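Q: Would you be able to build a 3D model of this:
(chains A and B)
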2 protein chains.
Amino acid sequence: MKGFKRQKGQEKPQYAESRNKRADLAKKDAQPVDDEQSGKGKSVSRRDLLKLAGVGGLGLLLGGGGVGAVLSASQRLESMMTAADTKDVVPFYGKHQAGIVTPAQDFICFAAFDLMTRDKEQVRNLFKAWTEASATMTSGVLLGTDNENLNLPPSDTGEAAGLSPSRTTITFGVGPSFFDGRYGLAGLKPAGFRELPRFQGDALEEQWCGGDIGVQVCANDLQVAFHALRNLARIARGTAVLRWTQEGFQRTAQADPAGSTPRNLLGFKDGTGNPDTSKADEMNRLVWTQANDGPAWMGDGSYMAVRRIRMRVEVWDRSTLGDQENTFGRHRSSGAPLGKTKEFDKLDLAATNPEGKPLTPPTSHVALAHGDGSINILRRSYSYSSGLDKQTGQLDAGLLFISYQRDLFKQFVHIQEKLARNDKLNEYIVHKGSAVFACFPGVSQGGYIGDTLF
Amino acid sequence: MKGFKRQKGQEKPQYAESRNKRADLAKKDAQPVDDEQSGKGKSVSRRDLLKLAGVGGLGLLLGGGGVGAVLSASQRLESMMTAADTKDVVPFYGKHQAGIVTPAQDFICFAAFDLMTRDKEQVRNLFKAWTEASATMTSGVLLGTDNENLNLPPSDTGEAAGLSPSRTTITFGVGPSFFDGRYGLAGLKPAGFRELPRFQGDALEEQWCGGDIGVQVCANDLQVAFHALRNLARIARGTAVLRWTQEGFQRTAQADPAGSTPRNLLGFKDGTGNPDTSKADEMNRLVWTQANDGPAWMGDGSYMAVRRIRMRVEVWDRSTLGDQENTFGRHRSSGAPLGKTKEFDKLDLAATNPEGKPLTPPTSHVALAHGDGSINILRRSYSYSSGLDKQTGQLDAGLLFISYQRDLFKQFVHIQEKLARNDKLNEYIVHKGSAVFACFPGVSQGGYIGDTLF
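A: Residues are numbered from 1 along each chain as shown, chains lettered A, B, ... in the order given. Below is the predicted model of the structure:
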């Protein structure tokens, strides 16, 4: 029996001590809303939930003094829910995976896994277990049934007990090495899907590269995100091991309630030119793999590029504001294109100053990344700060760059090759890690991650 | 001229684009409220601020299209402030340093610095510069005056521009090595102040130990905290270098609006038995160094112990709930003492089960830490997650333990020696880092950090 509310314990009447009422959205049945196309978190109303749950649709164990009792789903949901609760859940199931066009949450725990088995069935079972766990954790519910049995290890590690779902999304993809023949799936590898070419200036380190499987956990709470990733790793024991991980952050909503474009650690707004995720046509053109693009199993999926980009913040901090603005091609304070006043003013690369020189240097980051405007990607990056670089004593801080695109090479690689060759920003950054993942389409109720592939 | 509002730029009318109105609390004059004794964030009213600022008390440059204009402080504050703004500031100045009895914010960036100079005057100047910068940054104001001049490196690195002050606190202390004679201050070292003894089981690594100076930055936003630490490091260039740093987190307020006791990464509530910071007498007894305790310069200061404690989460996750609860001596779900039902039920170490055995194992964490209840410390710990341990491939996650106490040896060392010898928890944790710092008393208006020592 599943669906324990995270904060519930065994030693006391269950509801008496609830300090933090929130939706006890039971896993699958309560989450049929796919909000991913719109990019907006659609609120699931209380009435919707009760209706979806249905009487007896969710058997929920109510532990009390060691004696279990079953409440109907509607009773339980009625008891627990407040209006504020539902907006905090991003549905796991849907046409597309959540965490791609979903508005970026405040934190990320990213992980690459390597598979330790040659047994395809074992991999399939891992994905099934991960599906169930992901649907549970994104609902803010404790994993599994054994959280009250003193004689067993708890099913859930517990550190997110009592915390809201925090808009957690968990997004899965497989790397090129997944198709190396171990599982008889080599023939299903998308044409041309491979690790990224070596770009000029790359200083990649094995410890931040590659992986058979990529998992992006995002949430508005770092402890909640950590909990999800740790439990996925725990479930994978014997089948897959962590290859590398990276935590990241953006500014929190409490610090920026208006949700301005976040700034990177070089102090500049990052993401101003991102495509509008509320436009389904644009997302189909730029982000979602279309039916004719490649193997059928990738339809409605997307390709993820991950780059761990170290920023030489100490060097940057010694450059003048003029240099910094010419490097990015935008004003630092407003985020406006050079010579403009507002962040979302149109970029005009042809504009010149009175001396006839381009206002925006052609080798600035924005000029190269924008090009003629025909090639775009959906960026979903986070800042990271990982203590000191032991070799240099400088801050190991920078950007966990993540982008999603319909075609890795026509989009990301096309842009990155230009940047790697000429970007003025290269003086201040160095790419230390790299990975690509083919992210599956969304999962339907009753399905599992990767079921279109297996 | 100081006091630029973080989100303001040069290329546009200043107020037109304000997306995130908040108090533009100008540094010193606006912050005379010491809320540290109470542990509560006292709101500074709008009227108070205007009164404190005074006409012309704060010269504030208003840049617009490259042309500067000066607004009176009252005009500026009137323009910018909203009721919501002020509660987000913890005053920097006061009798005690903020960040000790201040209710724990959601994030920490901790750093230990080593001094590179033998010139006492240079150290004093560093502390003066840090004082000014800390007062500015905790107010949410951009550092310095050169954030609009294209020909200079910006005074502020900019990544917190537009973000609220996020209740930032910055707390300073000096380590035993500070008194090694370089600065002629050896005679002022508090009696017995030295690095912690080696405890049984310690597996300390130099990379997480010691430091001439310790700086604890806490905030409700990790980007804001990072910004503060980075700018302090930048200001120190040529005088002090980072020795080690560690980021940490607790659950955010958005995930737990009720502010329940946070859980550590072993899934247990951590801090239930902490003394009540709202009781000034208790704080004077346990936390604040009293006039007769030692050198005069430490009066109203406190001693900080920092331990980087790695948790063997993979091993823990395989232990039974019964083992886990006997290890901590509390129920996992509720946080209640074993045999009790509510988190704050009184711990009764004499209670026995029907067979006459203690309900709480004498070697459980809580039994050893509590002892007879006469020795206590104020804990202020954060969880950390720092990727993978490269040697083992396991998560490098755990607890950045921080405690404050009036006497390091009578309090922290007394407890830790018992724990190190017998704590059942030792099977699942290992201490990797250690440092102690004598944290100065608070700074008065016009004073600087450490001025009682210099």
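
Q: all helices for the stretch 101-250 of chain A, in order.
A: Here the stretch 101-250 of chain A has its helices, by DSSP state H, counting those that start in this stretch, at A:120-138, A:222-235.

Q: Of the ones you listed, which is nearest chain B?
A: helix A:222-235 (4.5 Å; CB to the nearest CB). The C-beta positions use only the backbone N, C-alpha and C, and glycine is treated the same way.

Q: rewinding a little: output the helices of the stretch 101-250 of chain A as CSV; include the columns mean neighbour count, distance to chain B and mean pLDDT.
A: Formatted as CSV, the helices of the stretch 101-250 of chain A follow (neighbours: other CB atoms under 10 Å in any protein chain shown; distance: least, CB to the nearest CB, whole Å; pLDDT from 0 to 100):
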stretch, mean neighbour count, distance to chain B, mean pLDDT
helix A:120-138, 20, 13, 98
helix A:222-235, 25, 5, 98
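
Q: Show me what A:I170 is bridged to.
A: Following DSSP bridges, A:I170 is listed with bridge partners A:V217.

Q: doesn't A:A219 make contact with it?
A: No: counting by CB atoms under 8 Å, A:I170 does not reach A:A219; the two are 9.2 Å apart.

Q: quick one: which of these two has more around it?
A: A:A219 (33 against 27; other CB atoms under 10 Å in any protein chain shown).

Q: quick one: that one and chain B, what's the gap?
A: 8 Å (CB to the nearest CB, to the nearest Å).

Q: Tell me which of the helices of the stretch 101-250 of chain A sits nearest to B:D396.
A: Nearest of those to B:D396, taken as CB to CB: helix A:222-235 at 12.0 Å.

Q: Counting by contacts, list what that closest one packs against.
A: Counting contacts by 3 or more CB pairs under 8 Å, 6 or more residues apart in numbering or on different chains; DSSP states H and E, helix A:222-235 is packed against strand A:107-115, helix A:120-138, strand A:213-219, strand A:240-249, strand B:382-388, strand B:395-405.

Q: Which positions in the fifth one come out as buried?
A: Of the residues in strand B:382-388, those scored as buried under the neighbour-count criterion (16 or more other CB atoms under 10 Å in any protein chain shown) are B:Y382, B:S383, B:Y384, B:S385, B:S386, B:G387, B:L388.

Q: Looking at the last one now. What's its pLDDT?
A: Among the per-residue scores, B:L388 shows a pLDDT of 95.

Q: Same check on the second one?
A: The pLDDT attached to B:S383 in the predicted structure is 98.

Q: Isn't it up against B:L395?
A: No: counting by CB under 8 Å, B:L395 is not a contact partner of B:S383; they are 11.5 Å apart.

Q: residue boundaries of the strands in the stretch 51-200 of chain A?
A: Taking DSSP state E, counting those that start in this stretch, the strands of the stretch 51-200 of chain A run over residues A:60-64, A:67-71, A:107-115, A:169-174.

Q: List phi and psi for the nearest residue to A:T327 once chain neighbours are set aside.
A: Of all residues not flanking A:T327 in the chain, A:K424 sits nearest, at 4.4 Å (CB to CB, 6 or more residues apart in numbering or on different chains). Dihedral pair for A:K424: phi -60, psi -20, per degrees, to the nearest 10.

Q: Count the neighbours of A:K424 for me.
A: Residue neighbour count, defined by other CB under 10 Å, stands at 20 for A:K424.

Q: where are the low-confidence patches of the stretch 1-150 of chain A?
A: Counting by pLDDT under 70, the stretch 1-150 of chain A has low-confidence residues at A:1-86.

Q: again, only using 80
A: By pLDDT under 80, the low-scoring segments of the stretch 1-150 of chain A are A:1-87.

Q: Could you list the residues of the stretch 351-454 of chain A in contact with chain B?
A: The stretch 351-454 of chain A has residues A:S383, A:S385, A:S386, A:G387, A:L388, A:K390, A:G393, A:Q394, A:L395, A:A397 near chain B, with proximity defined as CB under 8 Å from any CB of the partner chain.

Q: Can you lay out these as CSV showing distance to A:A253?
A: As requested, those are exported to CSV (distance: CB to CB, whole Å):
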residue, distance to A:A253
A:S383, 16
A:S385, 19
A:S386, 24
A:G387, 26
A:L388, 29
A:K390, 34
A:G393, 34
A:Q394, 30
A:L395, 25
A:A397, 22
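
Q: ok, and the closest non-adjacent residue to the closest residue to chain B within the stretch 101-250 of chain A?
A: Here the stretch 101-250 of chain A gets closest to chain B at one residue, A:G158, 2.5 Å apart by CB to the nearest CB. The spatially closest residue to A:G158, leaving aside those adjacent along the chain, is B:G267, at 2.5 Å (CB to CB, 6+ apart).

Q: Could you verify my assumption that that neighbour touches A:L163?
A: No: B:G267 is beyond contact range of A:L163, at 11.7 Å (criterion: CB under 8 Å).

Q: more crowded one of these two?
A: A:L163 (27 against 23).

Q: Distance-wise, check the residue located most distally from the centre of chain A relative to chain B.
A: Here chain A has its C-alpha centre computed as a mean, and the residue farthest from that point, by CA atoms, centre = their mean, is A:E355 with 45.2 Å. A:E355 sits 16 Å away from chain B, going by CB to the nearest CB.

Q: Is that residue within a helix or a strand, and which one?
A: Using DSSP states H and E, A:E355 maps to neither a helix nor a strand.

Q: Would you mind trimming the buried residues of strand B:382-388 to those in range of chain A?
A: B:S383, B:S385, B:S386, B:G387, B:L388.

Q: could you dump the residues you listed to a markdown table with distance to B:M298?
A: Converted to a markdown table, these look like this (distance: CB to CB, whole Å):
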| residue | distance to B:M298 |
| --- | --- |
| B:S383 | 30 |
| B:S385 | 34 |
| B:S386 | 32 |
| B:G387 | 38 |
| B:L388 | 40 |
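
Q: on that earlier part again, what is in contact with A:I170 and A:A219 at once?
A: Here A:I170 and A:A219 have A:A228 as joint contacts, going by CB atoms under 8 Å, 6 or more residues apart in numbering or on different chains.

Q: quick one, helices of the stretch 351-454 of chain A?
A: All helices of the stretch 351-454 of chain A, identified by DSSP H, counting those that start in this stretch, fall at A:365-370, A:414-422.

Q: most tightly surrounded among the ones you listed?
A: Each of the helices of the stretch 351-454 of chain A was assessed for mean neighbour count using mean count of other CB atoms under 10 Å in any protein chain shown. The highest is helix A:365-370, with a mean of 21.

Q: how far does it sit from the chain's center?
A: 24 Å (CA atoms, centre = their mean, to the nearest Å).

Q: closest one to B:R251 among the helices of the stretch 351-454 of chain A?
A: Closest to B:R251 of the helices of the stretch 351-454 of chain A, according to CB to CB: helix A:365-370, at 35.9 Å.

Q: now for the closest one, which elements pack on it?
A: Judged by 3+ CB pairs under 8 Å, 6+ apart, the packing partners of helix A:365-370 are helix A:321-328, helix A:414-422.

Q: Quick one: the ones you listed as TSV, columns for distance to B:D276 and mean pLDDT too.
A: Shown next, in TSV, are the helices and strands packed on helix A:365-370 (distance: least, CB to CB, whole Å; pLDDT from 0 to 100):
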stretch	distance to B:D276	mean pLDDT
helix A:321-328	48	98
helix A:414-422	55	98
